[in-house]
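**Q** next comes the sequence, and after it the predicted model I'd like to discuss.
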Amino acid sequence: MVERDSVRSKGQQDETRDPRTLLALLWGEQEQPTRGPKPKLTPRRIAAAAAELADREGLDAVSMSKVAGGFGVSAMALYRYVPGKTELVELMVEEVMGEGPEMPESGEDGHWRAAVRAWTRQCADVYAAHPWLLTATALRRRVLGPRQLRWLDAALAALEPTGLDGAQRHRVFLLLIGLVRNVAQQQADHEEEQSAEWDRLAADLLARHAERFPALTKAMADGAFRADGVDPLEFGLDRILDGVEAVIGGRE
């Protein structure tokens, strides 16, 4: 009961926080102090340090006190720049998204596939470099910073030559980011030794209960779970792009 009340209390605190504060932080529009000593830190420097910590030790290791320690200041000193960990994580996400993807020119019809492929591969690289992004972006996000919006804008721009309307382009974007996150989760969960042990145990189990799972047994016999060198990101991306082609063809 105590833990449940604590969770509810934290959730209520998050709900009562003014979203304009986070919006100002993400967009660099927070009010600057006109008096007193010049600030030694900035929200962006703090976010960059926190992101590096998360890269090394995971998102759970990030705390205001630990990040503050890296700067040789107290946790209270950070609250002058960032209201709390919720806002810090949002700033971390914005920080690691960089300046956006480098997109090829996509003015010609048909070239959109190359542009979408470039966007997807670069997005996957960001998730691979920062595995904690999966957790940090798992919940619905209320506020997006300019860097995150630049990624969305680039994806929608890459799809413009398809002739799909705005709603359709956004649906394709959701498929693409879903693919990226799915592959990133597979990579985060994969451990070679554990995977080999699981395959051995699963094969032994199915050998004894093959009649109960005929389709699965047949698929395994056909190499369903055998490493085949196929890049899951490229495979999924090709299927999405082929689907978009089919939608375009159906409208002509």
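**A** Nice, I can see it.
**Q** show residues contacting the strand or helix carrying M220.
**A** Taking DSSP states H and E as the criterion, M220 maps to helix 214-221. Applying Cβ atoms under 8 Å, 6 or more residues apart in numbering, the contact partners of helix 214-221 are A203, L206, A210. To be clear about C-beta, it is placed using only N, CA and C from the backbone, and glycine gets the same treatment.
**Q** domains of the protein?
**A** Per automatic domain parsing, the structural domains of the chain span 13-96, 112-189+222-251.
**Q** make JSON lines from those and add mean pLDDT, mean neighbour count and distance to L216 to it.
**A** Formatted as JSON lines, these follow (pLDDT from 0 to 100; neighbours: other Cβ atoms under 10 Å; distance: least, Cβ to Cβ, whole Å):
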{"stretch": "domain 13-96", "mean pLDDT": "87", "mean neighbour count": "15", "distance to L216": "34"}
{"stretch": "domain 112-189+222-251", "mean pLDDT": "92", "mean neighbour count": "16", "distance to L216": "8"}
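**Q** nearest to P104, out of those?
**A** For the domains of the chain, proximity to P104 was assessed by Cβ to Cβ; domain 112-189+222-251 is nearest, at 5.6 Å.
**Q** before we move on, back to that, and the helix holding M220, what's buried?
**A** Of all the residues in helix 214-221, those buried under the rule 16 or more other Cβ atoms under 10 Å are T217, M220.
**Q** now the domains of the chain in TSV, with distance to E197?
**A** Putting these into TSV (distance: least, Cβ to Cβ, whole Å) gives the following:
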stretch	distance to E197
domain 13-96	24
domain 112-189+222-251	13
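**Q** SS state for F225?
**A** Per DSSP: H, G, I helix; E, B strand; the rest coil, the secondary structure class of F225 is coil.
**Q** for it, give me its contacts.
**A** Taking Cβ under 8 Å, 6+ apart, we find F225 in contact with D199, A202.
**Q** returning to what we had before: are any of the contacts of helix 214-221 buried, and which?
**A** Taking 16+ other Cβ under 10 Å as the criterion, nothing in these is buried.
**Q** skipping its backbone neighbours, what lies nearest A48 in space?
**A** For A48, ignoring the flanking residues on the chain, the nearest one in space by Cβ to Cβ, 6 or more residues apart in numbering is E95 at 5.4 Å.
**Q** quick check: the one you found touching R45?
**A** No: at 9.6 Å, E95 does not count as touching R45 under the criterion of Cβ atoms under 8 Å.
**Q** and the nearest residue to V67 once chain neighbours are set aside, its phi and psi?
**A** Spatial nearest neighbour of V67, chain neighbours left out: A50 (4.8 Å); criterion: Cβ to Cβ, 6+ apart. Phi and psi for A50, reported as degrees, to the nearest 10, are phi -70, psi -40.
**Q** still on that earlier bit, next helix or strand past the helix holding M220?
**A** helix 232-251.
**Q** other residues contacting that next one?
**A** With Cβ under 8 Å, 6+ apart as the test, helix 232-251 has contacts from 113, 116-117, 120-121, 124, 159, 162-164, 168, 172, 175-176, 179-180, 182-183, 186.
**Q** return the distance of stretch 78-92 from the chain's centre.
**A** Centre-to-centre, stretch 78-92 and its host chain are 19 Å apart (Cα atoms, centre = their mean, to the nearest Å).
**Q** start to end distance for it?
**A** 14 Å (Cα to Cα, to the nearest Å).
**Q** so what touches that stretch?
**A** 14, 17, 21-22, 25-26, 39, 41-44, 46-47, 50-51, 54, 59, 62-64, 67-68, 71, 136, 141, 143, 145.
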